[in-house]
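Visitor: below are the sequence and a predicted model; questions follow.
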Number of protein chains: 2
Amino acid sequence: MEQNIIVSVDVVLFTLSEGQLKIVLLRRERDPYAGQLALPGGYIHADKDRDSLASAERVLLNKTGLVSPYLEQLYTFSGGVRDPRGWSLSVAYYALVHESLLVPDAELRFELWPVAAVPDLPFDHNRIVDHAAKRLRDKSTYTSLPCHLLPELFTLTELQQTYEHILGVALDKSVFRRKLPELDFLEAVPDAIRQGKHRPAQLYRLRPDRRLTIFDKPV
Amino acid sequence: MEQNIIVSVDVVLFTLSEGQLKIVLLRRERDPYAGQLALPGGYIHADKDRDSLASAERVLLNKTGLVSPYLEQLYTFSGGVRDPRGWSLSVAYYALVHESLLVPDAELRFELWPVAAVPDLPFDHNRIVDHAAKRLRDKSTYTSLPCHLLPELFTLTELQQTYEHILGVALDKSVFRRKLPELDFLEAVPDAIRQGKHRPAQLYRLRPDRRLTIFDKPV
DNA sequence: GTTTGTTAGTTTCATATTACCACTAACAAA
DNA sequence: TTTGTTAGTGGTAATATGAAACTAACAAAC
């Protein structure tokens, strides 16, 4: 049986840079749309990919050098008009990394674009980006997701600012800090202190067994 | 380019029957697993389906006779081991209907099985069912989703009981009723009253422009 | 040393929200 | 008229929240 469906994955890779939520775009090497900015993506290879998650991991590794960032399936986009080559289906993923892991490389020439000012993209990639940004915002209101945009160790103030950047609202410091202990997804790192010209701050990390904690109320 | 990937859709169709959450299963007409109970599903037809949602609608219509129930994409399952025919990808959907729309038919021989006691299913269909049940429960805590398991007109007590059945917890009547008006997704139907051997109850319906309302706090 | 600036982190308290339970309302049937 | 049953509302103590003031700990300036 011949279905004639092009099956691929696309990844929306988020990071926080200069206080803005940004995504990774790269110039397509091949037609269609060669030379244009687009999401990292590629065909699913039935012979070497265990499943579509493995395809997304492979795409991320090949195109950005990332090994195992937070990566989650977003939505599947499909239809006859989204790709000029024919009826296609793309399993979209989104990923979160701290900026420092996005090392510029002569080989891998990716660009960071603010989510608020993404250029026109080929295929239905703008729709995918919008969908991913909405998911990130929605899910950040009631989960520990924003932790994955931070470095391994971070202060509570940095975490609060990350929530604020994603959600676009100011949070109350006192309320934020009262909630954290009972949500129980962070651990203070002994002797790890962020210094500055002011009172030093305790550093925390995500508990290794808690990649994603779901709250029963919004932050 | 030949990818050799089997692309299909599967649908988890929920209904509330005898106070239990149940799903529709049907006996497969073809191999593999002919004669076994499985989820309604089928190939995506690139020539006639606009997108995978249209495929899911077609499958629902052909296998259950349903026209336009609440239908939403769930997750995409893929890999080389889930289908004996080879590397496959299935876009799973879930749907909600009131029991009365599931009319038994000599042609369409589907069965209702309680979510709590689903038999062993072929492919990874048990995993899909678990995923769908979790989504339904999670999403019901903070949206108007459960309305779609009710008939067009229903009482507030029936709505509360629907939430309670899905969530598995008892809700406070007074709190429940105080919240509803400000969430603003219901409308009282004038002169529509449910009678009984007791005080009659006002009937409500989902506002036509509000298929799914997302709450900012859990019910 | 002492002061100043800055950010970390806690406490206070008035107000808003919630959980719990009691109450009243309206019908049918006895 | 009474009883049973479910519909629908109100009151209150406990809890959570939001806003702000407060204390803590450092570096740098003086």
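Guide: Everything's here; your move.
Visitor: going by C-alpha atoms from here, please, whenever you check contacts or count neighbours.
Guide: Fine.
Visitor: so, low pLDDT: which residues of chain A?
Guide: Along chain A, the model assigns pLDDT under 70 to residues A:1.
Visitor: ok, 90 please
Guide: A:1-2, A:19, A:31, A:68, A:103-109, A:190-197 (pLDDT under 90).
Visitor: and it, which residues reach DNA strand D?
Guide: Proximity of chain A to DNA strand D (Cα under 7 Å from any atom of the strand) is limited to residues A:172, A:173, A:174, A:175, A:179, A:195, A:196, A:197, A:198, A:199, A:200, A:217.
Visitor: what is the neighbour count of the fourth one?
Guide: So the one you mean is residue A:175. Per other Cα atoms under 10 Å in any protein chain shown, the neighbour tally for residue A:175 reads 10.
Visitor: assign it to helix, strand or coil.
Guide: Secondary structure assignment for residue A:175 (DSSP: H, G, I helix; E, B strand; the rest coil): helix.
Visitor: and of the residues of chain A next to DNA strand D, the nearest to chain B?
Guide: The shortest approach to chain B among the residues of chain A next to DNA strand D belongs to residue A:217, at 6.4 Å (Cα to the nearest Cα).
Visitor: confirm residue A:190 sits in a strand?
Guide: Yes - counting by three-state DSSP, residue A:190 is found in a strand.
Visitor: re the thing from before, farthest pair in the residues of chain A next to DNA strand D?
Guide: A:197 and A:217 (35.8 Å; Cα to Cα).
Visitor: what's the lengthiest strand in chain A packed up against?
Guide: Using DSSP state E, we find that the single longest strand of chain A is strand A:6-17. Using 3 or more Cα pairs under 8 Å, 6 or more residues apart in numbering or on different chains; DSSP states H and E as the contact definition, the elements that strand A:6-17 packs against are strand A:20-27, strand A:41-43, helix A:52-64, strand A:88-96, helix A:125-140.
Visitor: tilt between that strand and strand B:6-17?
Guide: 70 degrees (axes from the mean of the first three to the mean of the last three Cα atoms, to 10 degrees).
Visitor: tell me which strands strand A:6-17 pairs with, and in which orientation.
Guide: According to DSSP bridges, strand A:6-17 forms sheet pairs with strand A:20-27 (antiparallel), strand A:41-43 (antiparallel), strand A:88-96 (parallel).
Visitor: deepest of those strands, which one?
Guide: Of all these, strand A:88-96 carries the top mean neighbour count, a mean of 24, counting by mean count of other Cα atoms under 10 Å in any protein chain shown.
Visitor: can you list contacts of that one?
Guide: With contacts defined as Cα atoms under 8 Å, 6 or more residues apart in numbering or on different chains, strand A:88-96 is touched by A:5-15, A:52, A:56, A:69-80, A:82, A:128, A:132, A:148-149, B:76.
Visitor: can I get that strand as PDB, trimmed to CA atoms?
Guide: Taking Å, rounded to 0.1, in the frame of the first residue of the first chain, the C-alpha atoms of strand A:88-96 are listed here in PDB:
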ATOM      1  CA  SER A  88       2.700  15.900   4.500                       C
ATOM      2  CA  LEU A  89       2.600  15.300   8.200                       C
ATOM      3  CA  SER A  90       5.000  16.800  10.700                       C
ATOM      4  CA  VAL A  91       5.200  15.800  14.300                       C
ATOM      5  CA  ALA A  92       6.200  19.000  16.000                       C
ATOM      6  CA  TYR A  93       8.300  19.100  19.200                       C
ATOM      7  CA  TYR A  94       9.300  21.900  21.500                       C
ATOM      8  CA  ALA A  95      12.500  22.100  23.500                       C
ATOM      9  CA  LEU A  96      13.900  24.300  26.200                       C
END
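Visitor: what is the orientation angle of that strand with helix A:125-140?
Guide: Using the same axes, to 10 degrees: strand A:88-96 against helix A:125-140 is 40 degrees.
Visitor: what about residue A:192, how many neighbours?
Guide: 15.
Visitor: helix, strand or coil: sort out the nearest residue to it once chain neighbours are set aside for me.
Guide: In this structure, residue A:192 finds its nearest non-sequential neighbour in residue A:203, 5.5 Å apart by Cα to Cα, 6 or more residues apart in numbering or on different chains. Applying three-state DSSP to residue A:203 yields a three-state assignment of strand.
Visitor: surely residue A:203 and residue A:153 touch.
Guide: Yes - counting by Cα atoms under 8 Å, residue A:203 does reach residue A:153; the two are 5.8 Å apart.
Visitor: with neighbour numbers in mind, choose between those two.
Guide: Regarding residue A:203 and residue A:153, a neighbour count based on other Cα under 10 Å identifies residue A:203 as having more, with 21 against 18.
Visitor: ok, now which ones touch that one?
Guide: A:153, A:154, A:155, A:156, A:188, A:189, A:192, A:193, A:194.
Visitor: ok, now residue A:165?
Guide: A:19, A:20, A:21.
Visitor: and if you look at residue A:8?
Guide: A:41, A:42, A:43, A:44, A:88, A:89, A:90, A:91.
Visitor: nearest spatial neighbour of it, chain-adjacent residues omitted?
Guide: residue A:43 (4.1 Å).
Visitor: ok, that neighbour touching residue A:11?
Guide: No - judged on Cα under 8 Å, residue A:43 makes no contact with residue A:11 at a distance of 12.0 Å.
Visitor: ok, so what distance separates residue A:212 from residue A:72?
Guide: Distance of residue A:212 to residue A:72, given as Cα to Cα, to the nearest Å: 11 Å.
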